[in-house]
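A.B. asks: no letters, just coordinates:
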């Protein structure tokens, strides 16, 4: 049986700014936090109805709660051209199923 | 190119309670409202980072904001055995990209 | 005041042009004796300043005939209205009264004034029928045992001189013997003899009206409804027995009731108003023993019955013994309690009945049958797995008797036993059943349960009755069958069985409370929301069973199907106190959050 | 006496509402003192003897000429309950409290000129509710269930759906349910939802058991209506009359649904069915909540939850009270007309012999000499003359004063006959 994924929670990983892939080049390392995991326990009647809904036009992603950040974090750093940059809402501070 | 879907918004359809597929049998007709559409306009830096993220374990659904209800509605009805039932949070009242 | 009006209301219609002096209607009042004479009065809300139209009417103090003092003419009407209704109030007394009419018998008179001239006599049958029986209220009532007299005027007085050449006469017929007659001179209906309600409650005499002119003669019929009002003229009596033997044993609870005795009364007893004056029963416990008065009371209710009283309404009074306080289990005595029932409104001497309760109070021993209780469980059982139930004698019959159970290690094992063995006894614990006075044994420590040196475990169960601290104890032996594989000994981390959504997952889960170590799958088969929904359970004997028991309530994840109080998502029916009484398809829970849905694997979900 | 000419701010038909009337009385020293005295007279057990004493009589006479005497209230008005309390605070003094019918505190309704105008509301365009006449449902393929259509119409309207879901959820929650809260939610539903929807749910015409059971279930009877023990009807009436709201709604029901010998359809105010249905629905959510007694669709009966068993000598009065629900020709015709159309009515002529005094074709309109509960006590004549050219004694309105020709409902008196007993 498919291994049940863990419930939606905050995860983190150490990366450099360059590795974020936003086009900033800086060797500074930061903690990137993101939300991942299943939201089975947060489903409502609405989701149960949509899960079975045969009607077209409703994407699978909309049929059940998704694990998303409830709060975001910003960060400022010195890039490799020695200029200070700020990244808004780049990382998650808290997660929830919505 | 794939036809761009409409932005996330509230949709409604007239159905009977039985057609909701929750196991309640009632010929009462009601308005089922759901959220559907794209959330491209609501993405943050966080989403841009995740979209390119090669790491395993993050499902596609968690990589961009999803179109979900911000408020839910209840309904009470008389089923075909003449008993009253109440369905909590079965339909959307307002939608948003989260 | 014995006097009363035999009708609840009077109605009549008056037309423009009917001159002053026209009789409108006649009210009647029934008296107590020949010597009594009714006196009738029109009553005004503010007697000191009666309304301007008061002088319009004249009410003859002795005959009760209401007549017009004024000719009603067109100018009295506002042309836009065809008719209006003017209610009056008439009171009656048994002697002349000048003022202060409050509280006297009252009847409402309702006059409809029609802005039109008096219709002609009329020739058609409907018009003649109306001449005979004008639109009047056909209900009358007569109190039983009362003095006979005139109860109603049959003619429409306002039409007397409108149709002078009509001869109208009445007669009365009845399919049963009925003491009614007509006074031909006054066209009043007379009751000719006192009546007995207990013989007959209603009469429906048929009035026959003959209309005669020189050219024709015709007859018309109408049925009157005469209700006979009741008086308390019957003494209470006992039919079957006036004695009840009551044995008090396992039910010692305050408020419990025992033994019913019935007292009959042919009279009616109105339910309302509560402190009704008619046919009121009161009762007295004929003892001044303080203990008895403190412990017991006799409760009483009554209901109306007809069939047993010859199809006439009567009353059946029920009396039962009730405990005013909790009765100790040690109490052991016999006593006789007499109870005097008194029909307070019955005038005669025999208005009382004595009831007798022979009460035997047996003590309730707190005691285990002297046998060693044997329970078996597998070493694989997970924490909270239920092992068995233990109960002092008759514990399932107890009401109002509180017994608490606890486990102790037997003396024999105390002294010469190593610490390791001593720690085996943490394996099993006991909880207090919520439904009845039993103890529930369950696995408390799986590590101890699985240790090889922990063989068959012998405990002492001590039961203590709470009010008198009576104690009893017994020996129990927990036999641990089957050895255990290594993998099971390490892992003591348990999931909730209820998270299992299919048989495959379920039977692999080492769930809390699983008696075999693995969860058990229940496959439902019914369509729709059903009590036998599919679900994964630690022990199908106790979960789900619609009752969140003593062990299940120790952790929400043991059996959320019985214990959750959170909203349930999907098609379901809530349990009375908690849990899922019925569910659609499969019900599964994440801790206390439960879902019921059809897991249609076969139903492909296309997007 | 001082007059109250400044009756500004009266309702559309010249009625002063009782909240304003008691404010005006309180601003007048003479009136406010008498008002206080009157309230003392009504408190306590020896009410009758108190009313007989000199001071209470004097208070009554002053109040009879104050605006308080002639004020009314409106269903759904702001401070409706306060208005009703003010009304009863004085009218309770005018009756001996044992009236069979009481005068309604609500403004009398205007008669509907054409009883046939009593049409069903087609609620949503394109959504066919029950056609007024021969009651064929819109979609022949489906089994015809007008009550189900009414539920659909409600569910598709946000206000109706929300209010209906609220009262159902409130009434079906808990074991036992909370009857007080359930009644409040039902009253709220009936106050806030247009009668097009609420009356459809209450009076949908049924031709099968399923529909009739759904109609019976509309008010969630196991919570709002039924009870373990059936109370005694006259006791239920007494309890109802101790609550100003219930007392008012019962008086209103009696007034607007009282069977009248003098109209074609047996309803007062020239066959005003709408008024009768509205005051029947007004009882729902009070102690006197009525409902269909079973799921019969041919010979349905409505009744409050009470019994006349154990009446003693009050059987006649009790049965008479109950028959105002169970055998009320006006109410039956009003409900029948709502659902099946007016030609299915049992016209009064066949069932109740018309009084000899009624000339055929006589346009009958009832006006009674209310609002006196006991009209023997009408304002003194001189007061009337002081009001301009009011007719000397406007009998048809039953009281002095007032200048507009108002058609008042039959009063809350016993004056009107009830349906005759079985022949």
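C.D. replies: Right, received. Where do you want to start? The structure displayed is predicted, hence computed values, not measured ones.

A.B. asks: same question for stretch D:170-178, mean pLDDT?
C.D. replies: Mean per-residue pLDDT for stretch D:170-178: 91.

A.B. asks: run through the stretch 251-400 of chain D and note the low-pLDDT ranges.
C.D. replies: Under the criterion pLDDT under 70, the flagged ranges of the stretch 251-400 of chain D are D:260-265, D:270, D:340-400.

A.B. asks: same question, the stretch 51-200 of chain C
C.D. replies: C:74, C:76-85, C:100, C:135.

A.B. asks: what are the ranges of the strands in it?
C.D. replies: C:57-59, C:65-68, C:83-93, C:106-117, C:139-143, C:149-153, C:167-173, C:180-183, C:188-191 (DSSP state E, counting those that start in this stretch).

A.B. asks: cool, chain D as well?
C.D. replies: For chain D, strands defined by DSSP state E occupy the ranges D:290-292, D:302-304, D:366-368.

A.B. asks: tally of neighbours for residue C:482?
C.D. replies: Residues near residue C:482, counting by other Cβ atoms under 10 Å in any protein chain shown, number 12. For glycine as for every other residue, the C-beta is placed from the backbone atoms N, C-alpha and C.

A.B. asks: closest residue of chain A to chain C?
C.D. replies: In chain A, the residue that lies nearest chain C is residue A:41 (3.6 Å; Cβ to the nearest Cβ).

A.B. asks: for that residue, give me its contacts.
C.D. replies: Contact analysis of residue A:41 by Cβ atoms under 8 Å, 6 or more residues apart in numbering or on different chains lists A:7, A:97, C:590, C:591, C:593.

A.B. asks: quick one, which of those residues are buried?
C.D. replies: A:7, A:97, C:590, C:593 (16 or more other Cβ atoms under 10 Å in any protein chain shown).

A.B. asks: hang on, the first one packs against residue A:38?
C.D. replies: Spelled out, it's residue A:7. Yes - using Cβ atoms under 8 Å, residue A:7 is in contact with residue A:38, at 6.0 Å.

A.B. asks: what's the nearest residue to the closest residue to chain A within the stretch 101-250 of chain C if we skip its chain neighbours?
C.D. replies: At 46.3 Å from chain A, residue C:250 is the closest residue in the stretch 101-250 of chain C, using Cβ to the nearest Cβ. Leaving aside its chain neighbours, residue C:250 sits nearest to residue C:397 (4.1 Å; criterion: Cβ to Cβ, 6 or more residues apart in numbering or on different chains).

A.B. asks: now do that neighbour, the pLDDT please.
C.D. replies: pLDDT recorded at residue C:397 is 94.

A.B. asks: contact partners of the host helix or strand of residue C:420?
C.D. replies: Using DSSP states H and E, residue C:420 maps to helix C:419-424. Residues outside helix C:419-424 that contact it (Cβ under 8 Å, 6+ apart) are C:409, C:413, C:448, C:451, C:453, C:454, C:457.

A.B. asks: those residues, buried ones only, as a ChimeraX selection?
C.D. replies: A single ChimeraX command suffices to select whichever of the contacts of helix C:419-424 are buried according to 16+ other Cβ under 10 Å:
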select /C:409,413,448,451,454,457
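
A.B. asks: tally of neighbours for residue A:95?
C.D. replies: Residues near residue A:95, counting by other Cβ under 10 Å, number 23.

A.B. asks: A strand includes it, no?
C.D. replies: Yes - under DSSP: H, G, I helix; E, B strand; the rest coil, residue A:95 falls within a strand.

A.B. asks: checking the nearest residue to it once chain neighbours are set aside next. Helix, strand or coil?
C.D. replies: Residue nearest to residue A:95 in three dimensions, not counting chain neighbours: residue A:35, with 3.4 Å by Cβ to Cβ, 6+ apart. Judged by three-state DSSP, the three-state class of residue A:35 is strand.

A.B. asks: my guess is residue A:35 meets residue A:69, correct?
C.D. replies: Yes - Residue A:35 is in contact with residue A:69 according to Cβ under 8 Å; the separation is 5.3 Å.

A.B. asks: give the residues shared as contacts by these two.
C.D. replies: Here residue A:35 and residue A:69 have A:92, A:95, A:96 as joint contacts, going by Cβ under 8 Å, 6+ apart.

A.B. asks: if we can go back for a sec, next, give phi and psi for the residue nearest to residue C:250.
C.D. replies: Dihedral pair for residue C:397: phi -90, psi -10, per degrees, to the nearest 10.

A.B. asks: tell me, how many residues neighbour it?
C.D. replies: 13.

A.B. asks: for residue C:443, same thing?
C.D. replies: So residue C:443, with other Cβ under 10 Å, has 25 neighbours.

A.B. asks: dump the residue contacts of the closest residue to it other than its chain neighbours.
C.D. replies: Leaving aside its sequence neighbours, residue C:443 sits nearest to residue C:385 (Cβ to Cβ, 6+ apart; 4.4 Å). Residues in contact with residue C:385 (Cβ under 8 Å, 6+ apart) are C:377, C:442, C:443, C:513, C:514, C:515, C:538, C:539.

A.B. asks: before we move on, what about residue C:399?
C.D. replies: The neighbours of residue C:399, taking Cβ under 8 Å, 6+ apart as the test, are C:250, C:251, C:252, C:253, C:256.

A.B. asks: list only buried entries from the residues you listed.
C.D. replies: Buried members of the contacts of residue C:399, scored by 16+ other Cβ under 10 Å, are C:250, C:251, C:252.

A.B. asks: pretty sure the last one sits against residue C:402.
C.D. replies: No - with contact defined as Cβ under 8 Å, residue C:252 does not reach residue C:402; the gap is 10.0 Å.

A.B. asks: can you give me the strands for chain A?
C.D. replies: Going by DSSP E, chain A shows strands at A:9-16, A:29-36, A:67-78, A:84-97.

A.B. asks: pLDDT weak spots in the stretch 501-607 of chain C?
C.D. replies: C:600-607.

A.B. asks: up against chain B, what does chain A have?
C.D. replies: A:13, A:20-22, A:32, A:34-36, A:44-46, A:48-50, A:52-53, A:55, A:57-62, A:65-69, A:72, A:87-92, A:98 (Cβ under 8 Å from any Cβ of the partner chain).

A.B. asks: which among the residues you listed count as buried?
C.D. replies: With neighbours counted by 16+ other Cβ under 10 Å, the residues of chain A next to chain B contain buried members at A:20, A:32, A:34-36, A:44-46, A:48-50, A:52-53, A:58, A:61-62, A:65-69, A:72, A:87, A:89-92, A:98.

A.B. asks: which residues pair with the residue nearest to residue A:95 across the strands?
C.D. replies: Bridge pairing for residue A:35 (DSSP bridges) gives the partners residue A:10.

A.B. asks: which residues are in contact with it?
C.D. replies: With contact taken as Cβ under 8 Å, 6+ apart, residue A:35 is in contact with A:8, A:9, A:10, A:11, A:67, A:68, A:69, A:92, A:95, A:96, B:62.

A.B. asks: surely the fifth one and residue A:38 touch.
C.D. replies: Yes - contact between residue A:67 and residue A:38 holds when scored by Cβ under 8 Å: they sit 7.4 Å apart.

A.B. asks: overlap of the contact sets of the two?
C.D. replies: With contacts defined as Cβ under 8 Å, 6+ apart, the residues shared by residue A:67 and residue A:38 are residue A:8.

A.B. asks: cross the contacts of helix C:419-424 against strands and list the overlap.
C.D. replies: Going by DSSP E, the strands hold C:409, C:457 from the contacts of helix C:419-424.

A.B. asks: how about residue 72: what's its closest non-neighbour residue?
C.D. replies: No chain was given, so I picked chain A. Spatial nearest neighbour of residue A:72, excluding adjacent residues (Cβ to Cβ, 6+ apart): residue A:89 at 3.7 Å.

A.B. asks: switch to chain C, that's the one I care about
C.D. replies: Residue C:72 sits nearest to residue C:16 (Cβ to Cβ, 6+ apart), 5.3 Å away.

A.B. asks: okay, and the beta partners of that neighbour?
C.D. replies: Bridge pairing for residue C:16 - DSSP bridges - gives residue C:117.

A.B. asks: distance of it from residue C:113?
C.D. replies: Distance, residue C:16 to residue C:113, by Cβ to Cβ, to the nearest Å: 8 Å.

A.B. asks: thank you kindly, that will do.
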